[in-house]
Structure formats: C-alpha cells, structure tokens
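Trainee: give me a model of this one.
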Amino acid sequence: MSDFGTGFRLWQFEVSKMRMPKVGRVFLATCVGSLFILLLYFQSTSKPVESTGNSSRPEKARRSPLQTLYNGDQVALSAAQASLRGRRSHLEEGCLSHTRKRRVLSPEDLRHLIVDDRHGLLYCYVPKVACTNWKRVLMVLTGDGRQSDPLAIPANEAHVAGNLRTLAEFPVAEINHRLRSYLKFLFVRDPFERLVSAYRNKFTRSYNTAFHKRYGTKIVRRHRAGARPEALERGDDVTFDEFVRYLVDPRTQREEPFNEHWERVHSLCHPCLIHYDVVGKYETLDSDSRAVLQLAGVDGEVRFPTSAKSTRTNGDMAGRFFKSVNPFYQKKLLNLYRMDFLLFNYSTPDYLSVS
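Mentor: Modelled structure (predicted):
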C-alpha cells in the first residue's frame, strides 16, 4: 500500500501541471490514476522484485537472501534470522492494530531514506541509533572505491548534505521502483534510551551552542521559574526534567515539528507506510548490522564499525535521568512515544513511576 501511495500522490501533482481545462484534468487524473493504483498495488504486493538492469540500478537481483529469510523453512533459520523475521511480523501486526488512518507519502516523508543504487539499498537513518556509522558505511559502498574503512571518514563529513542521496531527490517512477525492489532497512532503539542520549549530546555538551540557542533558551524561558538572565540568554544548562516538559508541552509541536534527534521513529521512517525488510536494533547492533550487509551481499566489501558501549544493553543510564521527572510528566511522555514502544516491541521501562 505504501508504494502505490507515494507514486499516486506525486503522479497527481505532475498531471495537475499539464495545460488543459480543469474538467479534463480531473477526468484524466481520475481514470489514469485508478489504473495506476491497480498496477502499483499488484506490484507492491508481489514479493521481492528483481532489478530491471538499468545502468543506474543494480545489475542483478539482491533479494534472493530475503526470499530465503522470509519464505524459507522456519526450522532452518538461525536464531538471528528468526529474530529479524519476528520483528518484521511484529511490526506488521502492530501497524494493523494501531494504525487507523491511511495516508499517502509526500516527498518530505522520504528525506530520511538514503539510497545506494549500486547495491540496491534503502536505509532510513534515525539519529542516536548508530546513524553516523551507517552513513559512513554507505559512503564507502557508494563511493569511488578509494575509501574502504568507514572510521576513516570524519563523523561531521558523514552528515554533510549531498554526500549521500535521499529518496526524496528522485522522480516519481524512480521512487516507486526503489520502494518496490530495493532492500529497505532501519535501526531502532529503546525510545527513552534514545531520548536520554539525545538530551546528553545536545544539551550537556559545551560545543552544541546552536542547540542551546535555538532550543535551550526557549525551554528555559517557558519551563524555569525565575530563570537568571544569563540562562535565558545562553540556554546551556537545560535540565532533563525541563527538556521533558518541553516535549510534552502542546505548544511545542503546534509551533514546529520535533527536531530529528528526538522525533519519534514512526514519524521519521513511516514503517506502517513503507514495507521495511529488516528492523535492526541498537541493542543487538553488531549482529544485526552483519546480517544486513550479508543480505545485501556486501559483507565482503565493508565491515560495520564495532563498538563496546556499555549502555547498549541496559536502562541504567535512562533510569538515573528519569528519577528527576515527575510521574505526571513521565506518563505524558510515555503516551507521546507509545507508538515506538508498541511497533518495535519495547516494554514500558521498570524505572518509570506510572500506574
């Protein structure tokens, strides 16, 4: 459903620009649009589609490993493969249970999907879920071959706009082709672990003055009684409790969308509209990253950088930060991020004081 939704929305836009009487445009859009929906529906519901052989696309099918993973015998699957298959099933069931209204995708929805045409990959990057290293890996895969070590690429270079193409940059037909036939994956993380990581990085590091000025000053002004003039000017000492109050304040999202570092994953990657093949997790980052590279057939070309972060497998860090948050605001924050908890099978943290 997601693939034809994207194509149909953008196709309508193209038709609307044609020079013809208004009635004629509506009639043409309705008739051809209906046919377009049917065609894309049957294409999107058919399982892994092979590449067309166009020079701008992969020259061979990259989906046979996925056919083995999702159409093969459950008994023959490894524990890691069974976990990947279970996550996708859970996501599909969650979308059916908790998504009531369907909508079509717009170009804005596709700006987080990075494209690797050489290997037939679509990666939806989520800040604070190892996206720097994944962008480095994709820069190696899409580069000229001179760079083979992802860690040799500076972190700030990995985030430079233009170094990697996003799906939003392509014409409608090319968007639909990639959504149907490329291996699509994303990585997720316990929502509150990710949120604490974003807070620590953006509000407790002295070098993030841009975040302090843009968000910190607003948070202090609205959520700190009797704030000192220097705090109102610099915004560099925001507490985690104030940050939470800012997130659950109804005015926040009325004024502008969440920053991508604390935006919900389901709002960044639209997993109920885009049929992702693999849902990797930060908690099992190393093994899941190897699995993605194997499924893509590029495990011999590049290795995902390993890490030994101790915070990856427990909630101790987040628990310490949430001790300062009133249970009332804990509950409101849980409701705000509930969809990410549900879709990606994360339990309500034990450290919360919510009934």
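Trainee: contacting residues around residue 240?
Mentor: Residues near residue 240 by C-beta atoms under 8 Å, 6 or more residues apart in numbering: 196, 199, 321, 322, 324, 325. For every residue, glycine as well, the C-beta is placed using N, CA and C.
Trainee: switch the cut-off to 7 Å
Mentor: Neighbouring residues of residue 240 by C-beta atoms under 7 Å, 6 or more residues apart in numbering: 199, 321, 324, 325.
Trainee: not counting its neighbours along the chain, what's nearest it?
Mentor: Counting by C-beta to C-beta, 6 or more residues apart in numbering, the nearest residue to residue 240 once its immediate chain neighbours are dropped is residue 321, at 4.7 Å.
Trainee: pLDDT at the one you found, what is it?
Mentor: On pLDDT, residue 321 comes in at 96.
Trainee: so what's the residue count around it?
Mentor: The burial count assigned to residue 321 is 20, neighbours taken as other C-beta atoms under 10 Å.
Trainee: same question for it, what's its three-state structure.
Mentor: Classification of residue 321 by DSSP: H, G, I helix; E, B strand; the rest coil places it in helix.
Trainee: quick check: it touching residue 198?
Mentor: No: the criterion here is C-beta atoms under 7 Å, and residue 321 misses it with residue 198 at 11.3 Å.
Trainee: who are the packing partners of the strand or helix carrying residue 122?
Mentor: Element membership for residue 122 (DSSP states H and E) is strand 121-124. In terms of contacts (3 or more C-beta pairs under 7 Å, 6 or more residues apart in numbering; DSSP states H and E), strand 121-124 is packed against strand 113-116, strand 183-188.
Trainee: so which of these is the most surrounded?
Mentor: Mean neighbours per residue, mean count of other C-beta atoms under 10 Å, is largest over those for strand 183-188, with a mean of 24.
Trainee: return the distance of that strand from the chain's centre.
Mentor: Distance of strand 183-188 from the chain centroid (C-alpha atoms, centre = their mean, to the nearest Å) equals 7 Å.
Trainee: go on, stretch 319-326?
Mentor: Mean-position distance between stretch 319-326 and its chain equals 26 Å (C-alpha atoms, centre = their mean).
Trainee: care to break the chain down by domain?
Mentor: Domain assignment for the chain by automatic domain parsing gives 2-188+264-311, 192-262+314-343.
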